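**Q** I would like the atomic coordinates for the input below:
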Amino acid sequence: MDFASIAQHLIIAAIPILIAITFHEVAHGFVANKLGDPTAKMMGRLSFNPLVHIDPIGTVVVPIMLFILSNGSFIFGTAKPVPVNFRNLKHPRRDSAFVSAAGPAMNIVLAFASILLLTLILKIFPSSTTSSPSALQKAVLPLTLMMDYSIKFNLFIAAFNLFPVPPLDGGRIVASLLPTRYSYHFSKLEPYGILIVLALWFTGIAHYVIVPIQALIEIILRIFLLPFGGLM
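**A** Next up, the predicted model:
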C-alpha cells in the first residue's frame, strides 16, 4: 500500500472516528450537566470541537499503530474521558446509569444517521455498473466509504463501551443497577477494568460478549429503520 493510499484510508477512517468519539463524550457531559453535574461544562468539554477531546495516545498514536500493524484492515481510537463527578448528580445511583448510557446511545444514533445518509447518497448517485464510473461517482466514493465506516465503527464502539466491566459504560450501568452492597464490591474492579478487558480481548472471550451486544443493537436499529423501508 503506497503513501497516498495509506493517507486516503486514514482520512476516510479518521473523520468518522473523530465524530464518533467527540459526540460520545459530549453526550456523557451533556446528560451529566442536565442531571446536576456541571463539571464537563465548566471545563469546556461540552464542545463539538474534536481538538478539545483528543488524547495524544488514544486518538492519535494507537489508531495509527493499529492501522499500520493491521495493514490497513483495522483502526480504533478513543478520546479523553469527559470528567463527571457522580456525587453531584441529583440521584447518583440512578443518574449514573443515564450518564453512562448516553455515550453508547449517541453512537447508535450516529450509526442510524449514517445508514440514512449512505442510503440517500446511493439513491442520488447509484453505483456504476460500468468499468469506467463517472467523475462525479468517483468524487462521491470517499463519502460513501466514510458513511460505511461510520456505521461499522459506531456500532462497534457502542457495543464495546457496553461491555459490563468498569470503567467502561456498561460496567457503570451494571454497578448502578446492582444492590448497594454488591455494587460497592463490583465498582472496586474499576482500577483493573481495562486490564481485565484487554485480557478478555486477547484471549478471545470478549468476542462472545461484544458480538451479542452488537447484534442486539443492530436488531434495535432494524426496528427503527422499518419506517424507512428497512435499510440494513
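**Q** residue boundaries of the strands in the protein?
**A** Defined through DSSP state E, the strands belonging to the chain form an empty list.
**Q** flag the shaky bits of it, pLDDT-wise.
**A** 1-4, 70-75, 127-137, 230 (pLDDT under 70).
**Q** Phe186 versus the residue nearest in space to the middle of the chain, what's the distance?
**A** Closest to where the C-alpha atoms of the chain average out (Cα atoms, centre = their mean) is Ile157, at 3.5 Å. Ile157 sits 23 Å away from Phe186, taking Cβ to Cβ, to the nearest Å as the criterion. Just so you know, the C-beta spots here come from the backbone N, C-alpha and C atoms, and that holds for glycine as well.
**Q** repeat for Val31
**A** Distance of Val31 to Phe186, given as Cβ to Cβ: 22 Å.
**Q** higher neighbour count, those two?
**A** Val31 (22 against 17; other Cβ atoms under 10 Å).
**Q** quick check, that one in contact with Ser100.
**A** No. In this structure, Val31 sits apart from Ser100 without contact. The criterion is Cβ atoms under 8 Å, and the distance is 9.0 Å.
**Q** now the residue nearest to the centre of the chain: closest residue in space, sequence neighbours ignored.
**A** Asn107 (5.3 Å; Cβ to Cβ, 6 or more residues apart in numbering).
**Q** list the contacts for that neighbour?
**A** Residues in contact with Asn107, defined by Cβ atoms under 8 Å, 6 or more residues apart in numbering, are 20, 23-24, 154-155, 157-158, 161.
**Q** scan the residues you listed and report the most crowded one.
**A** Neighbour counts for the contacts of Asn107 were taken using other Cβ under 10 Å; the highest belongs to Asn154, with 29 neighbours.
**Q** ok, that residue - contacts?
**A** If you count contacts by Cβ under 8 Å, 6+ apart, Asn154 has them with 16, 20, 107-108, 110-111, 114.
**Q** would JSON lines of those residues with distance to Gly229 be doable?
**A** Formatted as JSON lines, the contacts of Asn154 follow (distance: Cβ to Cβ, whole Å):
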{"residue": "Pro16", "distance to Gly229": "24"}
{"residue": "Ala20", "distance to Gly229": "25"}
{"residue": "Asn107", "distance to Gly229": "23"}
{"residue": "Ile108", "distance to Gly229": "19"}
{"residue": "Leu110", "distance to Gly229": "20"}
{"residue": "Ala111", "distance to Gly229": "17"}
{"residue": "Ser114", "distance to Gly229": "16"}
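**Q** let me know the closest of those residues to Val140.
**A** The shortest distance between Val140 and any of the contacts of Asn154, using Cβ to Cβ, involves Ser114 and amounts to 15.0 Å.
**Q** quick one: neighbours of the closest one, just the number.
**A** The burial metric for Ser114, expressed as a neighbour count using other Cβ under 10 Å, is 23.
**Q** same check, this time on Met43
**A** Counted by other Cβ under 10 Å, the residues lying close to Met43 total 13.
**Q** any idea how far it is from Gln214?
**A** Here the criterion is Cβ to Cβ. By it, Met43 lies 32 Å from Gln214.
**Q** quick one: the helices in this structure, in order.
**A** With helices called from DSSP state H, the chain shows them at 3-34, 39-42, 50-53, 62-69, 92-124, 135-161, 169-177, 180-187, 193-203, 207-225.
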